[in-house]
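**Student:** Provided below are the primary sequence and the corresponding predicted coordinates.
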Amino acid sequence: MSELLRPPSPWPAPQARRREFPADFTFGVATSAYQIEGAAHVGGRTDSIWDTFARRPGTIADASTGEVAVDHYHRFGEDVALMRELGVGGYRFSTSWARVRPDGGAPNPERLDFYSRLVDAQLEAGITPWVTLYHWDLPQALEDAGGWRSRDIVPRFVEYALTMHEALGDRVRHWLTLNEPWCTAFLGYAGGQHAPGVQDDVGALRALHHLLLAHGEAVRALRAADPSVAGPDAAPLTLGIAPNFSLYAPLDPASAADVDTARRLRDAQWGCFVEPLLRGAYPETFLADVADLWPEDLVRDGDLDVIATPIDVLGVNWSCRRWPARGVRT
């Protein structure tokens with residue numbers, strides 16, 4: 001590596017000593033529905049935005065789709081057996097909105113039964129299930145109606161969350177509302193690298209806010225519904241969300257431009273999610289960065305209180321450390 005590109009604070013050398021994990025530490029694995037389930041049009045499942053996006057010519061380098069994937073839908077028993085063999089203690093999987101409420105419409109009891117059997121298989125194997133309600137695969141019909149850019153998506157997400165909780169809440173006590181909402185908002189609606197493949201900066205900011213609002217409303221709804229679903233003797237309900245994080249440090253700490261670039265990247269990747277969730281406000285620096293794009297009608301009275309509804313766990317999807325230099329587009 002050129003000395004000019006060498007990071008100013010390299011990682012410390014690995015320590016040649018054994019580290020013990022606490023006895024109650026859980027080693028887990030995680031997946032997402034579109035990436036593994038396959039069975040794309042079995043039993044009434046309809047297209048998600050990723051089905052549509054992957055079929056678009058030139059979008060995926062090798063034209064791969066999730067039509068079959070690893071066929072987890074039909075082979076989940078084998079997969080759970082492999083997890084047990086590996087000594088896995090927890091399995092975080094996402095459920096397919098397009099499978100259980102096709103086109104965002106009425107619940108599909110047959111497909112809900114698939115997730116019920118999957119949960120039972122995990123419990124029989126001694127594996128704790130963690131459900132992620134949304135891992136990027138919005139029903140295409142809801143995207144056609146505005147998707148995450150429309151505030152109307154919020155009550156639809158709550159409907160979906162309650163459907164899954166009613167089906168699984170007596171056995172599943174750990175729930176995450178959204179996985180990596182930054183990817184949905186900014187890769188999906190600003191950069192267009194992810195489904196639905198849109199480039200709409202203002203729409204991305206609307207998606208950001210509606211994702212957070214849907215999370216908060218769903219947390220409130222799930223807490224209210226849980227006693228009637230799980231019963232008085234159920235284990236405590238754990239609710240949370242899983243943003244993605246990278247640590248941004250300036251390539252040249254003495255450069256004001258590099259320092260500001262790192263700050264803008266932090267704000268735009270996770271600050272604009274975590275601060276509303278935990279502090280009930282968007283970062284002032286982020287709002288200043290997007291002042292020319294931020295819709296005046298976006299945030300309504302009470303929205304930030306809903307978004308900051310207390311959670312039990314904050315998932316940390318850690319990517320990497322980055323050293324951005326001046327001129328990086330954010």
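**Tutor:** Here it is on my side, so go on. Keep in mind that this is a model prediction, so the values were computed, not measured. Numbering: from 1, shown residues only.

**Student:** What confidence value was assigned to Ala254?
**Tutor:** We have a pLDDT of 90 for Ala254.

**Student:** who's in contact with it?
**Tutor:** By CB atoms under 8 Å, 6 or more residues apart in numbering, Ala254 lies in contact with nothing. In this view, the C-beta of every residue, glycine as well, is placed from N, C-alpha and C.

**Student:** Help me confirm that it is found in a helix?
**Tutor:** No: under DSSP: H, G, I helix; E, B strand; the rest coil, Ala254 sits outside any helix and is assigned coil.

**Student:** Reduced to three states, what does Tyr91 come out as?
**Tutor:** strand.

**Student:** Name all residues that make contact with it.
**Tutor:** When the contact criterion is CB under 8 Å, 6+ apart, the partners of Tyr91 are 28-31, 80, 83, 122, 127-130.

**Student:** give me that answer again for 7 Å
**Tutor:** The neighbours of Tyr91, taking CB atoms under 7 Å, 6 or more residues apart in numbering as the test, are 28-29, 83, 122, 127, 129-130.

**Student:** Just the buried ones from these, in PyMOL syntax?
**Tutor:** Only the buried entries of the contacts of Tyr91 go into this PyMOL selection, using 16 or more other CB atoms under 10 Å:
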select buried, resi 83+122+127+129+130
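
**Student:** Give me the subset of the contacts of Tyr91 lying in helices.
**Tutor:** Applying DSSP state H to the contacts of Tyr91, the entries found in helices are 83, 122.

**Student:** Now for the contacts of Tyr91: which two are most distant?
**Tutor:** Taking CB to CB as the measure, the contacts of Tyr91 span a maximum distance of 12.6 Å, between Met83 and Trp130.

**Student:** so where's the longest helix in the protein?
**Tutor:** The chain, longest helix under DSSP H: helix 201-230.

**Student:** helices or strands up against it?
**Tutor:** Helices and strands touching helix 201-230, as assessed by 3 or more CB pairs under 7 Å, 6 or more residues apart in numbering; DSSP states H and E, comprise helix 153-168, strand 174-179, strand 238-242, helix 272-279, helix 303-307.

**Student:** could I get the ones you listed as a markdown table with distance to Ala145, mean pLDDT and mean neighbour count?
**Tutor:** Converted to a markdown table, the helices and strands packed on helix 201-230 look like this (distance: least, CB to CB, whole Å; pLDDT from 0 to 100; neighbours: other CB atoms under 10 Å):
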| stretch | distance to Ala145 | mean pLDDT | mean neighbour count |
| --- | --- | --- | --- |
| helix 153-168 | 8 | 98 | 20 |
| strand 174-179 | 19 | 98 | 24 |
| strand 238-242 | 24 | 98 | 20 |
| helix 272-279 | 24 | 97 | 20 |
| helix 303-307 | 21 | 98 | 19 |
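
**Student:** any chance of those in JSON lines, with distance to Pro102 too?
**Tutor:** Formatted as JSON lines, the helices and strands packed on helix 201-230 follow (distance: least, CB to CB, whole Å):
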{"stretch": "helix 153-168", "distance to Pro102": "11"}
{"stretch": "strand 174-179", "distance to Pro102": "21"}
{"stretch": "strand 238-242", "distance to Pro102": "25"}
{"stretch": "helix 272-279", "distance to Pro102": "29"}
{"stretch": "helix 303-307", "distance to Pro102": "28"}
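
**Student:** Out of the ones you listed, flag the one nearest Ala207.
**Tutor:** When the helices and strands packed on helix 201-230 are compared by CB to CB, helix 153-168 sits nearest Ala207, at 8.9 Å.

**Student:** I would like the residues contacting that closest one, please.
**Tutor:** So helix 153-168 is contacted by 95, 97, 100-101, 104, 107, 112, 115-116, 119, 131, 133, 142, 146-147, 177, 210, 213-214, 217-218, 221-222, 225, 229 (CB under 7 Å, 6+ apart).

**Student:** And for stretch 29-45?
**Tutor:** Contacts of stretch 29-45 (CB under 7 Å, 6+ apart): 48, 50-51, 66-74, 83, 88, 91-96, 98-99, 102, 108, 110-111, 135, 137, 179.

**Student:** Next, the buried residues of it.
**Tutor:** Using 16+ other CB under 10 Å as the test for burial, stretch 29-45 gives 30-40, 45.

**Student:** which residue is nearest the centroid of this structure?
**Tutor:** Geometric centre of the chain, nearest residue: Asn179, 1.0 Å, by CA atoms, centre = their mean.

**Student:** That residue touches Val131, doesn't it?
**Tutor:** No: taking contacts as CB atoms under 7 Å, Asn179 lies outside contact range of Val131: 10.9 Å.

**Student:** quick one on the thing from earlier: go through the contacts of stretch 29-45 and flag which are in strands.
**Tutor:** Mapping those onto strands (DSSP state E) picks out 91-94, 179.

**Student:** how many neighbours does the closest residue to Thr52 other than its chain neighbours have?
**Tutor:** Nearest residue to Thr52, sequence neighbours excluded (CB to CB, 6 or more residues apart in numbering): Gln140, at 5.1 Å. The number of residues packed near Gln140 is 22, by other CB atoms under 10 Å.

**Student:** ditto for Asn244
**Tutor:** For Asn244, the count of nearby residues is 17 (other CB under 10 Å).

**Student:** what's it in contact with, if anything?
**Tutor:** So Asn244 contacts 180, 182-183, 270, 317, 319 (CB under 7 Å, 6+ apart).
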